[in-house]
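In: Next come a sequence and a model predicted from it.
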Amino acid sequence: MALPLGFTTPTEYFKECLMFFKKYQHLFNFPNTDILLSNVLDQIEIDCLDDFDTFADDFDINTIRCGYLTNFYDNLNKLKVDYEEFENKDLEFLIDVPLSVKKKHEIANLAEEINLLCKEADCDTVVDFGSGLGYLDQQIFKTAGYNVLGIDCNESHYVGAKKRQRKYHSDSTERVKYIKHTITEDSYKNINEYIQDKFSNCSNFCIAGLHACADLTIDAINIFLKMDKAKSLIIMPCCYHRLNMDESCKFKNFPLSDALKDVYDEYSGADFLTVPFLRLATQPQNVSKEKMEDLVFNLLARAVLQLYSSKHSCRLKRNKRKAVRLKSIQNNFEEYIEDAILGYTLIKNEIAEKNKTEVFNKEYLYNIWREIPQVTFRKAAIFILLQNDLQPVFENFVLYDRLLYLQEKGVRNCKFKKIVNENISPRCLALIAQK
């Protein structure tokens, strides 16, 4: 994450970003499920869509000549950063476990980066934040032989990691230790005690983490800053939209740097740098990997459910993690509704009817779908493309704020780096810092 070319100071960059985000907040400052409910697509002012097949494989949004798109991309391109490409390495995954190719790729590459960083910073111990079942910890031990302290807040993960170690990795029991603990920015006291207890000969250690969700990356940064023996940090952030909020519904850890805080209030950042903004910053770019017809269908079909529930003064409650089996319905709306009726429950909003449920009216839903004009489908495709192009700019904005925070605290040797192949694992960036 870096300062784009054309900017000389972080303040200049943040101001330009905030003005751009504020102008185009109609593209992101809402849940995407509300796209029909809030008439979002009406604000995309393109009159010539009938001349283009937005669903063609070779469709290029830059071929549409109109003021709205020209202004959007002229401003967006100023904020883009050229990311350093991932250097592919043929790494061996040394522990025999039934994991996906994605997970093995992430673990092998992160373990390799941890090894390189520990050598540079002269660390003999790794403290793994969010260690899960211990796959990364065992890979680190097998490849580099460091002491590893795995910390996880989940009881079943902690117990599972210990069981797996006893069954499959008995040779690591003296060098790989597990602790059940919920990490906060004040955990440096606990971690110091754990290290002294488990590895009394530790000289320096590296803080590491794979998929550090929500505030965990910030907690890791603050712990790194507070502990003298913490000489290096490598952590892969994700789920920015799950950052904790205070009682006034403001994010506790965003903005983070003084540079962004200085201009955030001036441009009313709290009004549009909200959960949907951070969700889009988290969301991997997917347009090149999926058919546009599928993306548009999924977007609008779910939006129809939202519109329907609003008209009936209800809210939708998911009955399972994936309420609709999108891959099996082949963009058939009637099949989508049959699945949705099982996957969602309609609950009345009125206090007097609290927890009262309502039955879906399938015919009403079909009518809403049939009445959607073709131009809405085309605009939905444009909307998806615009959000897709916003994503890396949003992510750079969020992560550059964190990088500046470290620099403001005196850590000059810090950067974000792609350490995995983004085509295998979209969450490919790691924050690397060294004292």
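Out: In hand now; what should we look at? Numbers count the residues shown, from 1 in each chain.
In: Name the residues of stretch 373-380 that are buried.
Out: By neighbour count, with 16 or more other C-beta atoms under 10 Å as the criterion, the buried positions of stretch 373-380 are T376, F377, R378, K379, A380. Glycine gets a C-beta too; all of them are placed from N, C-alpha and C.
In: Now the first one. Nearest residue, chain neighbours left out?
Out: What that stands for is T376. Nearest non-adjacent residue to T376, counting by C-beta to C-beta, 6 or more residues apart in numbering: L41, 6.0 Å away.
In: isn't that neighbour right up against I384?
Out: No. L41 lies out of contact with I384 (C-beta atoms under 8 Å); the separation is 10.9 Å.
In: for the buried residues of stretch 373-380, which one is nearest A230?
Out: A380 (47.3 Å; C-beta to C-beta).
In: dump the residue contacts of that closest one.
Out: By C-beta atoms under 8 Å, 6 or more residues apart in numbering, the contact list for A380 reads I35, L41, V296, L299, L300.
In: Doesn't the second one belong to a helix?
Out: Yes. With DSSP: H, G, I helix; E, B strand; the rest coil as the criterion, L41 is located in a helix.
In: Now do the contacts for it.
Out: I35, T376, K379, A380, F383.
In: From these, pick the one nearest T63.
Out: K379 (16.1 Å).
In: ok, back up a step: can you tell me which of the contacts of A380 comes closest to K104?
Out: The closest of these, once distances to K104 are taken by C-beta to C-beta, is L299, at 32.0 Å.
In: before we move on, back to that, could you dump the buried residues of stretch 373-380 into a markdown table with pLDDT added?
Out: What follows is those, written out as a markdown table (pLDDT from 0 to 100):
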| residue | pLDDT |
| --- | --- |
| T376 | 95 |
| F377 | 95 |
| R378 | 94 |
| K379 | 95 |
| A380 | 96 |
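In: got TSV for these, with distance to E266 and secondary structure too?
Out: Formatted as TSV, the buried residues of stretch 373-380 follow (distance: C-beta to C-beta, whole Å; DSSP: H, G, I helix; E, B strand; the rest coil):
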residue	distance to E266	secondary structure
T376	37	helix
F377	39	helix
R378	37	helix
K379	33	helix
A380	34	helix
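In: got the residue ranges for the strands in the stretch 251-400 of the chain?
Out: 314-318, 344-348, 357-358 (DSSP state E, counting those that start in this stretch).
In: Most tightly packed of the ones you listed?
Out: Stretch with highest mean neighbour count among the strands of the stretch 251-400 of the chain: strand 344-348 (a mean of 18; mean count of other C-beta atoms under 10 Å).
In: List the residues that contact the residue nearest to Y240 when sequence neighbours are not counted.
Out: Nearest non-adjacent residue to Y240, counting by C-beta to C-beta, 6+ apart: L278, 4.1 Å away. Contacts for L278 (C-beta under 8 Å, 6+ apart) come out as Y240, H241, L243, F254, F394, V398.
In: Distance check, Y264 against L18.
Out: 7 Å (C-beta to C-beta, to the nearest Å).
In: ok, S100 to S131 distance?
Out: From S100 to S131 the distance is 18 Å (C-beta to C-beta).
In: One more: L260?
Out: For L260, the distance to S131 - C-beta to C-beta - is 31 Å.
In: what do you get for S257?
Out: Counting by C-beta to C-beta - S257 and S131 are separated by 29 Å.
In: of these two, who's got more company?
Out: Comparing S257 with S131 by other C-beta atoms under 10 Å, the one with more neighbours is S131, at 25 against 21.
In: so can I have CSV of the strands of the stretch 251-400 of the chain showing mean pLDDT and distance to H211?
Out: What follows is the strands of the stretch 251-400 of the chain, written out as CSV (pLDDT from 0 to 100; distance: least, C-beta to C-beta, whole Å):
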stretch, mean pLDDT, distance to H211
strand 314-318, 92, 22
strand 344-348, 92, 28
strand 357-358, 86, 35
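In: looking at it, I183 is touching I151, isn't it?
Out: Yes. Judged on C-beta under 8 Å, I183 makes contact with I151 at a distance of 6.3 Å.
In: Identify the contacts common to the two.
Out: F129, G130.
In: Could you verify my assumption that R427 touches A212?
Out: No. Using C-beta under 8 Å, R427 is not in contact with A212, being 9.9 Å away.
In: neighbour count winner among the two?
Out: Using other C-beta under 10 Å as the criterion, R427 and A212 rank with A212 on top: 25 against 18.
In: which intervals of this structure have sub-threshold pLDDT?
Out: 1, 289, 351-354 (pLDDT under 70).
In: So which residue is dead centre in it?
Out: Nearest residue to the geometric centre of the chain (C-alpha atoms, centre = their mean): T282, 2.8 Å.
In: residues contacting the closest residue to it other than its chain neighbours?
Out: With sequence-adjacent residues excluded and distances taken as C-beta to C-beta, 6+ apart, T282 is closest to Y240, at 4.9 Å. Listed by C-beta under 8 Å, 6+ apart, the contact partners of Y240 are A214, F254, L278, R279, A281, T282, E395, V398.
In: The fifth one: how many residues sit nearby?
Out: What that stands for is A281. Count around A281 with other C-beta under 10 Å applied: 21.
In: Could you chop this structure up by domain?
Out: 10-79+285-390, 101-260+395-434 (automatic domain parsing).
In: quick one: which of the ones you listed is nearest N88?
Out: Between N88 and the domains of the chain, the shortest separation by C-beta to C-beta is 6.6 Å, and it involves domain 101-260+395-434.
In: Give me the distance between the two termini of the closest one.
Out: 30 Å (C-alpha to C-alpha, to the nearest Å).
In: next one: stretch 314-326
Out: For stretch 314-326, by C-alpha to C-alpha, the gap between its terminal residues amounts to 23 Å.
In: same thing with stretch 308-324?
Out: 16 Å.
In: For it, buried residues please.
Out: Y308, S309, S310, C314, L316, A323, V324.
In: now, among those, which is nearest to H169?
Out: Closest to H169 out of the buried residues of stretch 308-324 is A323 (38.4 Å), distances taken as C-beta to C-beta.
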